[in-house]
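> next one to model:
(one chain, ligands or ions: 1)
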Amino acid sequence: MNERIREKWLCGLMILSLVLLPLTSFAQAVEWTYPISADKLENRNGFLVLANRDNLLDKDFLPRNIVPVSLRGVSGPHELRREAAEALTSLFAEAERAGYELYLKSSYRSWGTQNTMYQNRLEKNGKDDGVVAPPGSSDHQTGLAADVLNREWSRRDGMTPAFGETAEARWMEANCAAFGFIIRYLPEKQDITGIIYEPWHLRYVGPEVAAYMMERRLSLEEFTEEYQNAIAEYEAAGGDYPALLRELSALPPAILMDEGEEDGEVSLFYKVP
Ligand SMILES: [Zn+2]
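Below is the predicted model:
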């Protein structure tokens, strides 16, 4: 190799390493690329809790922060988890402004209540006809589900998918996500959810997730699989999911503002940026 070629080759190698070095160190930090922020999927608050025939909630499963709901309704009193209760109150108010009168028909149901309903239905029919969910499989046990109807349907005995043709149901489907709700049982997802189209059944999942799901018309079953895959892929690429969550929920750093001089006491103040 002659001297000039050797020099050029070395020079090229140096440039290449300068380009590659920052790239390799950058590659070590795995990026979270799923369109929903990681902390919304962690399910710490249980907003994504999945209840169906394959994922039964425990007999002792008690949702946190159950509060009374005082909204126009039938067959009360009603209770929901605080976040869902507040969101539903806002949804009712917005519907009213749009000229729709909504009625709350069903809300939180304990395992025991669901069990009684299920056993009664069994006794009446002699078999499980799929109308009443077995205990543990009801979305209502999460404290995040509400059955909402219009005046006419609230006075009927039963509910059918035909409610979906009413103006109130259409309004709810178009607007529920803005309040953090999804239509839990969509007509085209019956094979996946195992439940008929229930245009009255709203389920709270939080606004960011609700917007994502309603836009793509995902069932909670499909979404659960999707986000759990996203977490698994992140971890397979070397990402540390718990560390990412800690980072996202970290308190602002404490900043030393003042030091007491006389008695040597140190005062700490938290300054929120
Ligand atoms: Zn329901």
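> got the residues of the stretch 1-150 of the chain near the ion?
With Cβ under 5 Å from the ion as the criterion, the stretch 1-150 of the chain comes near the ion at residues Asp147. In short, each C-beta sits where N, CA and C put it, glycine included.
> strands along the stretch 1-150 of the chain, start to end?
For the stretch 1-150 of the chain, the strands defined by DSSP state E, counting those that start in this stretch cover 66-69, 78-81, 103-106, 145-149.
> most packed of these?
Comparing the strands of the stretch 1-150 of the chain by mean neighbour count (mean count of other Cβ atoms under 10 Å), strand 145-149 comes out on top with a mean of 26.
> report all helices and strands that it contacts.
helix 82-97, strand 103-106, strand 201-204 (3 or more Cβ pairs under 8 Å, 6 or more residues apart in numbering; DSSP states H and E).
> how big is the angle separating that strand from helix 82-97?
20 degrees (axes from the mean of the first three to the mean of the last three Cα atoms, to 10 degrees).
> picking that back up, okay, the strands of the stretch 1-150 of the chain in JSON lines with distance to Pro134 and mean pLDDT next?
Shown next, in JSON lines, are those (distance: least, Cβ to Cβ, whole Å; pLDDT from 0 to 100):
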{"stretch": "strand 66-69", "distance to Pro134": "22", "mean pLDDT": "97"}
{"stretch": "strand 78-81", "distance to Pro134": "21", "mean pLDDT": "98"}
{"stretch": "strand 103-106", "distance to Pro134": "17", "mean pLDDT": "97"}
{"stretch": "strand 145-149", "distance to Pro134": "16", "mean pLDDT": "98"}
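> turn the ones you listed into JSON lines, including distance to Tyr34.
Supplementary listing: these in JSON lines, determined by distance: least, Cβ to Cβ, whole Å:
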{"stretch": "strand 66-69", "distance to Tyr34": "31"}
{"stretch": "strand 78-81", "distance to Tyr34": "25"}
{"stretch": "strand 103-106", "distance to Tyr34": "33"}
{"stretch": "strand 145-149", "distance to Tyr34": "25"}
